[in-house]
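1. fold the following, please.
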Amino acid sequence: MTKVYVAIDNGTSGGIAIIKDGFADMVKTPIFKTLSYTKTKQEITRIDFMALTNILQSAVAKDDGGGILVIIERPCINPTRFKTTVSAARSLEATLIAIELLKLPFMYCDSKDWQRVLLPSGSEDTKKDSREIGTRLFPHLSDIIKKQKDADSLLMGEWARRNNL
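-> Below is the predicted model of the structure:
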């Protein structure tokens with residue numbers, strides 16, 4: 001029996017990694033665009049809650065009794081970046097509701113926690129380094145990593161696995 005790790009790079013441009021028994025899979029966070037009913041016509045990007053719930057259920061199906069742990073990267077909350085903060089909070093709320101609906105245990109992780117261990121010290125371009133290291137550790141996912149533009153969720157899940165969280 002082995003624990004299943006589900007790592008979620010919070011936000012609408014993030015990814016979701018599922019790691020078990022040294023096997024990993026990664027998908028782009030499911031999203032959709034909709035009108036934002038503000039004074040000016042604009043679109044916002046939101047989490048596709050039902051698709052996210054289905055992804056989490058597929059992780060639950062992999063649990064053979066070893067347990068499951070969802071790791072969520074702490075969202076960017078910065079009052080000087082209002083739109084980014086609102087988007088991150090909206091994404092987190094949808095993610096938390098899906099996790100709570102399925103009664104899954106979860107924890108938060110700061111990006112610096114896994115980056116300190118898996119990226120080179122003094123890394124200037126964390127997205128580039130994440131892509132390169134993710135491709136090296138998980139070569140079968142190289143095409144997905146290229147499309148995603150980083151392997152943050154994979155590396156976060158690998159960090160959790162290595163630390164036996």
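2. quick check, Asp64 in contact with Lys3.
-> No - applying C-beta atoms under 8 Å as the test, Asp64 and Lys3 come out as separate, 9.8 Å apart. For the C-beta atoms, the positions are set from N, CA and C on the backbone; glycine is no exception.
3. which one's more surrounded, the two?
-> Lys3 (18 against 12; other C-beta atoms under 10 Å).
4. which phi and psi does the closest residue to Leu119 other than its chain neighbours have?
-> Of all residues not flanking Leu119 in the chain, Asp129 sits nearest, at 4.8 Å (C-beta to C-beta, 6 or more residues apart in numbering). Dihedral pair for Asp129: phi -60, psi -40, per degrees, to the nearest 10.
5. now the strand or helix carrying Arg46: average pLDDT?
-> In the assignment (DSSP states H and E), Arg46 maps to strand 41-47. Averaged over strand 41-47, pLDDT sits at 87.
6. any buried residues in that strand, and which?
-> Buried residues in strand 41-47, defined by neighbour count with 16 or more other C-beta atoms under 10 Å: 44-47.
7. check contacts around the residue lying farthest from the centre of the chain.
-> Distance from the C-alpha centroid of the chain, by C-alpha atoms, centre = their mean, peaks at Lys39 (31.9 Å). Contact analysis of Lys39 by C-beta atoms under 8 Å, 6 or more residues apart in numbering lists nothing.
8. assign it to helix, strand or coil.
-> Using DSSP: H, G, I helix; E, B strand; the rest coil, the structure places Lys39 in coil.
9. tell me the confidence at Ile144?
-> At Ile144, the model reports a pLDDT of 92.
10. sorry, that was for Gly11
-> pLDDT for Gly11: 86.
11. tell me which element the residue nearest to it when sequence neighbours are not counted falls in.
-> Closest residue in space to Gly11, ignoring its immediate chain neighbours: Ser91 at 5.1 Å, by C-beta to C-beta, 6+ apart. According to DSSP H and E, Ser91 maps onto helix 82-101.
12. got the angle between that helix and strand 41-47?
-> With axes from the mean of the first three to the mean of the last three C-alpha atoms, to 10 degrees as the basis, helix 82-101 and strand 41-47 are set at 30 degrees to each other.
13. which residues touch helix 82-101?
-> For helix 82-101, using C-beta under 8 Å, 6+ apart, the contacting residues are 8, 10-12, 14, 29, 44-47, 49, 52-53, 56, 70, 72, 75-79, 106.
14. I'm done for today, thanks for sticking with me.
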